[in-house]
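Trainee: What follows is a predicted structure for the sequence shown.
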Amino acid sequence: MKVHRYLTVLVLTSFVLIWYYILRVNNGIFTGLGGLGANSSAALARRGPGLRQNAPSNASEIAIVVVACGERHNEALNMIKSAIMFNRNQSPLRFVVVAEDQLKQNFVEKLDDWQEINDNIFTYEIHSLTFPAKDKDEWKKLFKPCAAQRLFLPSLLTHIDSVLYVDSDTIFLAPVQELWSLFKTFNASQFAGMAPEHEDKNAGWYNRFARHPYYGDLGVNSGVMLMNLTRMREFRWEQHIMPIYREFRLKLVWGDQDIINILFHHHPDRLLVFPCDWNYRADHCMYMSVCEAPDGVKIVHGNRGYFHSLVQPIFNLLYTTVEEYAFRTDIHANFIRTIEDSLALPSNSNCDKLLDKFLQDPRKYFKQNLYEEDT
Ligand SMILES: [Mn+2]
């Protein structure tokens, strides 16, 4: 009789545990890991840490979104790595990756590794490229799958209030927290934040060449964008996109960035413009220094391939030094000094001459370890 009772308890407990497990896994596949391919789900079910990623996003987490297609996935990983490296105040980060199905497994493996090395200071979730159900076929016909994905983040990420969207070709040199805190300065109508496309009218692109309306005097660059998704959903952001596209599609040169500029031309009260320090491009230094960045460069944006060419060597050097950096090793020795030693000065590149601007923030907080020779 006693044995019988034990058996009953055992069977009931197992049943509850199995049921709980099934709920957890299902929850993961349908929310945090929307649309993972069969291989990836199997891998996640196999690995313990995978399940942790399915927790609903925590309001205090800083959510960084990146969209990755094709070759761009290495850039996206390098951006993520830099955000972790310079997250010196240990803010909780959540990376939201929207990627082509064949790239997902690679993200899962890398990010699981990095989570372990960094004591789970960040969480992540991976999504498939997704267009709004309404007009899906038309969206798909009009845009290349990756190109305009970020325009649809409000409907893809309904479980998240606000995100920092960054292009895959960006590198953090300062804590994300600093930029994130600008959300608190948004007035009641603002739902997005971006940096100007140019600082100088003589070199501006939109004011000289655009055949469509754009924001302000010089337009905005969409490579780094604070997005209050809740407010964007209230505004019905996505319903504004299609009419703009239909009207201007033959005049768009910079794709979704032009659409964003047209939208904010009509709704300037919705946008907060932040300084170029947070979206620093070669345009800011190649002819002359036009971005003051008094506290140093905070995010570098290697647009037009500057991370991968030697035209402005400092951009390539920042990228490769992040790539080669090993987590939990000394940032002063393995980032700051590596860059100082590798940059051949005097250089013909005007951007190289601004080395001190690029290293200003890291130098301030990652000092030379005086005892490193002894240990
Ligand atoms: Mn870019």
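Mentor: Sure, I can see it. Here the structure is a predicted model, which means the values were calculated and not measured. Residues are numbered from 1 along each chain as shown.

Trainee: Does the lengthiest strand in the chain reach the ion?
Mentor: As assigned by DSSP state E, the longest strand anywhere in the chain is strand 220-228. Yes: Strand 220-228 reaches the ion (CB under 5 Å from the ion) through residue 223. Any C-beta I mention is one placed from the backbone N, CA and C, and that applies to glycine too.

Trainee: now the helix or strand following that strand: how far from the chain's centre is it?
Mentor: Heading C-terminal from strand 220-228, the first helix or strand you meet, by DSSP states H and E, is helix 229-235. Distance of helix 229-235 from its chain centroid, counting by CA atoms, centre = their mean, to the nearest Å, is 19 Å.

Trainee: Point out the other helices and strands that helix 229-235 packs with.
Mentor: Packed against helix 229-235 by the contact rule (3 or more CB pairs under 8 Å, 6 or more residues apart in numbering; DSSP states H and E) you find helix 153-156, strand 162-166.

Trainee: for whichever residue of the stretch 151-300 of the chain sits closest to the ion, what are its contacts?
Mentor: Closest contact between the stretch 151-300 of the chain and the ion, by CB to the ion, is at residue 167 (3.4 Å). Going by CB atoms under 8 Å, 6 or more residues apart in numbering, residue 167 touches 66, 222-224, 301, 303.

Trainee: From residue 80, how far out is it?
Mentor: According to CB to CB, to the nearest Å, residue 167 stands 13 Å off from residue 80.

Trainee: Common neighbours of those two, please.
Mentor: With CB under 8 Å, 6+ apart, residue 167 and residue 80 have common neighbours residue 66.

Trainee: Okay, the residue in the stretch 251-375 of the chain that the ion sits nearest to and residue 103: tell me how far apart.
Mentor: Closest residue of the stretch 251-375 of the chain to the ion, CB to the ion: residue 303 (4.1 Å). Per CB to CB, residue 303 is found 21 Å from residue 103.

Trainee: for residue 358, same thing?
Mentor: Counting by CB to CB, the gap from residue 358 to residue 103 is 29 Å.

Trainee: Poorly predicted segments of this protein, please.
Mentor: Filtered on pLDDT under 70, the chain yields the residue ranges 1-4, 6-59, 141-142, 371-375.

Trainee: ok, the residue of the stretch 251-375 of the chain closest to the ion - contacts?
Mentor: So residue 303 contacts 167, 169, 221, 223, 281-282 (CB under 8 Å, 6+ apart).

Trainee: so which of these is the most crowded?
Mentor: residue 281 (26 neighbours; other CB atoms under 10 Å).

Trainee: What segments of the stretch 151-300 of the chain are helices?
Mentor: Using DSSP state H, counting those that start in this stretch, the helices of the stretch 151-300 of the chain run over residues 153-156, 176-180, 206-209, 229-235, 237-248, 256-266.

Trainee: Mind putting these into CSV with distance to residue 315 and mean neighbour count?
Mentor: Output for those, formatted as CSV (distance: least, CB to CB, whole Å; neighbours: other CB atoms under 10 Å):
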stretch, distance to residue 315, mean neighbour count
helix 153-156, 27, 21
helix 176-180, 20, 20
helix 206-209, 23, 15
helix 229-235, 31, 17
helix 237-248, 31, 16
helix 256-266, 20, 21
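
Trainee: got TSV for those, with distance to residue 131 too?
Mentor: Converted to TSV, these look like this (distance: least, CB to CB, whole Å):
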stretch	distance to residue 131
helix 153-156	9
helix 176-180	28
helix 206-209	27
helix 229-235	16
helix 237-248	10
helix 256-266	13
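
Trainee: For the stretch 101-250 of the chain, which residues are neighbours of the ion?
Mentor: Residues of the stretch 101-250 of the chain lying near the ion (CB under 5 Å from the ion): 167, 169, 223.

Trainee: Which residue is the nearest non-sequential neighbour of the last one?
Mentor: When you say that, I think you mean residue 223. Distances taken as CB to CB, 6 or more residues apart in numbering put residue 167 closest to residue 223, at 4.1 Å, once the chain neighbours are dropped.

Trainee: how near is the one you found to residue 364?
Mentor: For residue 167, the distance to residue 364 - CB to CB - is 26 Å.

Trainee: Contact partners for residue 84?
Mentor: By CB under 8 Å, 6+ apart, the residues touching residue 84 are 93, 114, 118, 121-122, 327.

Trainee: Out of those, list just those in strands.
Mentor: 93, 122.

Trainee: Same list, the contacts of residue 84, but as CSV with neighbour count please.
Mentor: Compiled in CSV, these are given as follows (neighbours: other CB atoms under 10 Å):
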residue, neighbour count
93, 23
114, 19
118, 16
121, 14
122, 22
327, 12
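
Trainee: Could you chop this protein up by domain?
Mentor: Domain ranges of the chain: 62-278, 305-365, per the TED database.

Trainee: Looking at those, which one is packed in the most?
Mentor: Among those, domain 62-278 has the highest mean neighbour count (mean count of other CB atoms under 10 Å), at a mean of 19.
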